[in-house]
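> Below is the structure, and that's it, no one-letter string:
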């Protein structure tokens, strides 16, 4: 039986980030230009939260915010799900599914080193399924 690989095998390394002081419009543009849905939020190179494309859409629709004026730090989620790079992938996936998290931030020595999203989870799942393919 094989051991379960650590999350660092499947995470996206050096994820794009955004400053707390950026506007929601700037965050949305970064997401669209890079085809991503989550951006870790930094203040002076320190991870302080995360913002998702959905967070921006909800803020704009329900709170009627001006995406050109409201700052990322105003709506970013400060409580994030984060793990170390050596955390077993199954533990991360189970926690994400149980809590409906769209991403996990990978932190080492208090620095962001990666992100693991539902898309990364599907890539990992495909790799596992490949083991069952009849050759």
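Received the coordinates, thanks. Note that the structure is a prediction, hence the values are computed from the model and not measured. Numbers count the residues shown, from 1 in each chain.

> Quick one: the helices in the chain, in order.
Counting by DSSP state H, one finds helices in the chain at the ranges 24-34, 53-62, 72-75, 89-99, 118-130.

> Now the last one: buried residues?
In terms of neighbour count (16 or more other Cβ atoms under 10 Å), helix 118-130 has its buried residues at 118, 120-121, 124. Where you see a C-beta, it was placed from the backbone N, CA and C, and this is true even at glycine.

> need those in JSON lines with distance to residue 46 and pLDDT, can you?
Supplementary listing: those in JSON lines, determined by distance: Cβ to Cβ, whole Å; pLDDT from 0 to 100:
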{"residue": "118", "distance to residue 46": "26", "pLDDT": "94"}
{"residue": "120", "distance to residue 46": "24", "pLDDT": "94"}
{"residue": "121", "distance to residue 46": "27", "pLDDT": "94"}
{"residue": "124", "distance to residue 46": "29", "pLDDT": "90"}
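
> shaky segments in this structure?
Applying pLDDT under 70 to the predicted model, the residue ranges of the chain that meet it are 1, 134-135.

> mind redoing it with 50?
Counting by pLDDT under 50, the chain shows no low-confidence range.
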